[in-house]
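Undergrad: everything below, folded, please.
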Amino acid sequence: MTSSRRILLNALALAGLGLAAAGPLHAQERVRIGFMSPLTGPQAASGIDNRDGAQLAIKALNARGIKLGGKPVQFELEVQDDGADPRQGVQVAQALVDKGLKFVLGPYNSGVTLPASRVFADAGVLVLTVASNPKVTQPAQANLFRIGATDNQLGAKMATYAAQDLKVASVAVIDDRTAYGQGVAQEFIAQAQKLGIKVVAKEFTSDKATDFSSILTGIRGARPDAVFYGGYSAQAGPMLRQMRSLGLKAPLLGGDGICSSETATLAQMSADLNVYCTQGGALMDRSDKGRAFVERYRAEYKRDPLTYAAAFHDGANLLAGAIEATQSLDPKKLAEHIAKGSHAGVAGDYAYDSRHDLRSSAVTVFTFKGKDVVALKSL
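TA: Prediction:
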């Protein structure tokens, strides 16, 4: 064997040994997390906001280098569009299960979560959802946790603010017939009536509607002090514009579904909107974590976060924290850890009751200044 050939073979052998040695050092534990929200259709802005909040957390987690069994974890988000449609949501849920995913952030809508959660429950998938309808956690599911406020909190606190701060004596109520819209409207009505507010009209529309003139004309005749809408920004914006064109100057009230700059954008109004809404979580600008999150979100996406970016961000961190603490990818073990523990997030603290609802969830009332959603007070 020539000396040059011997040198070449030795070099190749050393390279092989180097690669073999480097392999275990660079081996990673790939953890895929499913994501469900509407990324197309009228509620796409909210779904994209949710996705970006989660992605921001995953980017930071991967940079931090969480380890599982000595291996660095590489988190990946499996993004799926459920279109805010229950049927599509069930299909998406089944697709995530078929792909072998064991963790899901979402869904966003209660109407999607209710049927999709059954698919996930059968497969033992761990679900972290912002869906607010109380039925989502009734009966309790071992692997499902709510990472936002319930309709009980959102609707009731809006009624409290309407009675005590806005001095509303009468109200008309409209809902979009979704699980979320009906739920938050029912809770608003229940609390409003307890506080002596008279409900002078109850109407309903759909989450696909764009023309509300007939409903609003009838409400105008009842002369309410306020109008409460149980639904989302995609309808709230056009509804507000039509209210004002019909001479209805009463404030528009709602839950977190309308608590987005999209409401102002779709209203196409330059004047004071006179809109109030509730959202789960404490005031973001009152904590260092909240301010830091908003700054990082703006730097990454060149826009402000909307309603639930922070909650999806917290959900990703809650899951990652459970994986790190338990050194497990077993959804059952992670669920047991989450149920017994607590996590301090951007939007609030995550500690759970027996139904896996948050034990305590601050609710903040917001209004609009131009297209900006501005916090008023926490209740």
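
Undergrad: so where's the stretch 151-300 of the chain uncertain?
TA: Applying pLDDT under 70 to the stretch 151-300 of the chain flags residues 282.

Undergrad: if we go to 80?
TA: 270-271, 281-286 (pLDDT under 80).

Undergrad: over to the stretch 1-150 of the chain?
TA: Ranges of the stretch 1-150 of the chain meeting pLDDT under 80: 1-27.

Undergrad: switch the cut-off to 90
TA: Within the stretch 1-150 of the chain, the set of residues satisfying pLDDT under 90 comprises 1-28, 42, 139-140.

Undergrad: so which residues of the chain form helices?
TA: Secondary structure of the chain by DSSP state H: the helices cover 3-26, 44-64, 86-98, 110-123, 151-164, 179-194, 213-222, 233-245, 261-267, 288-301, 309-326, 331-340.

Undergrad: among the ones you listed, which is nearest K369?
TA: helix 261-267 (9.2 Å; Cβ to Cβ). In this view, the C-beta of every residue, glycine as well, is placed from N, C-alpha and C.

Undergrad: only C-alpha atoms, please: export the closest one in PDB.
TA: Taking Å, rounded to 0.1, in the frame of the first residue of the first chain, the C-alpha atoms of helix 261-267 are listed here in PDB:
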ATOM      1  CA  SER A 261     -58.200  45.900  16.500                       C
ATOM      2  CA  GLU A 262     -59.900  44.000  13.700                       C
ATOM      3  CA  THR A 263     -63.200  45.300  15.100                       C
ATOM      4  CA  ALA A 264     -62.100  48.900  14.500                       C
ATOM      5  CA  THR A 265     -60.600  48.100  11.100                       C
ATOM      6  CA  LEU A 266     -63.900  46.500   9.900                       C
ATOM      7  CA  ALA A 267     -66.000  49.300  11.300                       C
END
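
Undergrad: per-residue pLDDT, the nearest residue to F145 once chain neighbours are set aside?
TA: In this structure, F145 finds its nearest non-sequential neighbour in H356, 4.5 Å apart by Cβ to Cβ, 6 or more residues apart in numbering. H356 carries a pLDDT score of 97 in this model.

Undergrad: which parts of stretch 169-185 are buried?
TA: Buried residues in stretch 169-185, counted by 16 or more other Cβ atoms under 10 Å: 170-176, 178-185.

Undergrad: now do the same end-to-end measure for that stretch.
TA: 17 Å (Cα to Cα, to the nearest Å).

Undergrad: count the neighbours of Q327 for me.
TA: Neighbours of Q327 under the rule other Cβ atoms under 10 Å: 11.

Undergrad: OK, contacts around it?
TA: L68, G69 (Cβ atoms under 8 Å, 6 or more residues apart in numbering).

Undergrad: from V73, how far out is P107?
TA: Using Cβ to Cβ, to the nearest Å, P107 is found at 25 Å from V73.

Undergrad: those two: which has the busier surroundings?
TA: Set P107 next to V73 and count neighbours by other Cβ under 10 Å: P107 wins out with 32 against 20.

Undergrad: if we can go back for a sec, which one of the helices of the chain lies nearest to L253?
TA: The nearest among the helices of the chain, by Cβ to Cβ, is helix 151-164 at 5.6 Å.

Undergrad: tell me how many other residues surround D122.
TA: D122: 11 neighbours (other Cβ under 10 Å).

Undergrad: longest strand in this protein, by residue count?
TA: Among the segments of the chain that qualify as a strand by DSSP state E, the longest is strand 71-81.
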